[in-house]
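Trainee: 3D, please:
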Amino acid sequence: MQQQPTCTSLRVRSPQDAQIIFHAVALGVLPMVTRRLDTEERRSITSGCVFVWEERGPSPEATGLGIERWTDGKRWGPSRVRDEFLFYQEKDPEPVDIDPNSDSDTTIGSSPLAQPGVPHGSVRVSLVKQTYSVFVETPTRGRKKWHLIAYFTHDSLDYLRTVSDLPDLARIVVPPGNYRSARHNTSKHSRAQREERPHPFTPQYFPYPSPSRPVAVVQSSNDGTQLSDHSGRAPPRDGQALAPLTYLQNLAPPRRHPLDEEALMAFYPRLC
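Mentor: Below you'll find the predicted structure:
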């Protein structure tokens with residue numbers, strides 16, 4: 001029996017739309033794709049087809065649920081990121097021969113005459129593939145990774161339906177936090193690891209402007225905070241330690257150069 005897409009004639013406008021579709025699958029309102037697409041199913045991919053599937057882990061259950069990775073027999077350009085989605089533009093959209101046992105999304109083009117029902121010289125419109133991945137806590141099988149794959153063409157976007165147009169989907173309320181973006185989760189986890197990494201203790205020395213004045217020492221503690229100097233005043237955030245104003249006011253003025261003093265004494269002996 002041919003496996004049907006999770007949705008047809010539908011476009012996914014935002015991550016919120018994608019999460020509604022995920023939750024509809026979890027509730028049994030929409031079907032999940034449970035195996036790789038065969039030849040006929042791949043050929044049936046058109047604009048508006050949406051597929052939800054579960055990624056098979058390194059140690060799959062005895063039932064063998066999940067798909068190791070998604071293949072559709074098409075050739076795609078490099079990915080582009082927008083709103084936590086990845087977008088791929090199809091390359092060489094002419095009819096192609098698809099090997100149902102192939103694990104590759106890169107196929108070799110063939111003559112349109114090799115495809116039944118395809119008129120000679122016809123060229124199919126290039127598709128765009130939109131992907132979104134989340135982590136979801138299942139009731140009995142723990143944490144799983146679900147993927148959404150949506151196909152569309154730019155010319156058909158205005159004619160495709162949205163989740164707001166379908167009553168069964170429009171009434172669905174997604175519980176907060178049930179579906180966490182895999183891209184957002186990964187980047188946030190990596191950033192947290194960098195922030196928690198301990199900073200080595202490195203003393204830094206910032207002298208005051210005059211060489212006759214004592215040197216102020218500013219140290220960084222293990223938690224990254226800066227300690228105050230001997231004056232009790234913490235240094236500015238840019239790392240430049242400044243002498244307290246009262247300290248500068250009590251300093252004796254520096255002596256002039258001996259030649260300058262002799263010249264001044266010649267004209268104003270009482271001032272020197």
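Trainee: Can you report how many residues lie near the nearest residue to residue 164 once chain neighbours are set aside?
Mentor: Computed as CB to CB, 6 or more residues apart in numbering, the closest residue to residue 164 that is not its neighbour in sequence is residue 170, at 5.3 Å. Heads up, the C-betas are built off the backbone N, CA and C, glycines and all. Neighbour count of residue 170, defined by other CB atoms under 10 Å: 11.
Trainee: so how far is residue 162 from residue 170?
Mentor: Separation of residue 170 from residue 162 (CB to CB, to the nearest Å) stands at 9 Å.
Trainee: do residue 10 as well
Mentor: Counting by CB to CB, the gap from residue 10 to residue 162 is 7 Å.
Trainee: These two: which is more packed in?
Mentor: residue 10 (23 against 15).
Trainee: and that one, what is it in contact with?
Mentor: 48, 50, 150, 160-163, 166 (CB atoms under 8 Å, 6 or more residues apart in numbering).
Trainee: got a winner among the residues you listed for most neighbours?
Mentor: Neighbour max across those (other CB under 10 Å) = residue 150, 27 neighbours.
Trainee: A strand includes that residue, no?
Mentor: Yes - checked against DSSP: H, G, I helix; E, B strand; the rest coil, residue 150 lies within a strand.
Trainee: how near is it to residue 138?
Mentor: 22 Å.
Trainee: same check, this time on residue 257
Mentor: 83 Å.
Trainee: per-residue confidence for residue 175?
Mentor: Per-residue confidence (pLDDT) for residue 175: 93.
Trainee: I'd assumed residue 29 was in contact with the residue nearest to residue 164.
Mentor: No - the pair residue 170 / residue 29 is not scored as a contact, 11.5 Å apart, by CB atoms under 8 Å.
Trainee: Can you list the low-confidence ranges for the stretch 1-150 of the chain?
Mentor: 58-65, 94-122 (pLDDT under 70).
Trainee: need the helices for it, in chain order.
Mentor: 15-26, 39-43 (DSSP state H, counting those that start in this stretch).
Trainee: Nearest to residue 252, out of the ones you listed?
Mentor: Set against residue 252 and scored by CB to CB, those come closest in helix 15-26, at 68.2 Å.
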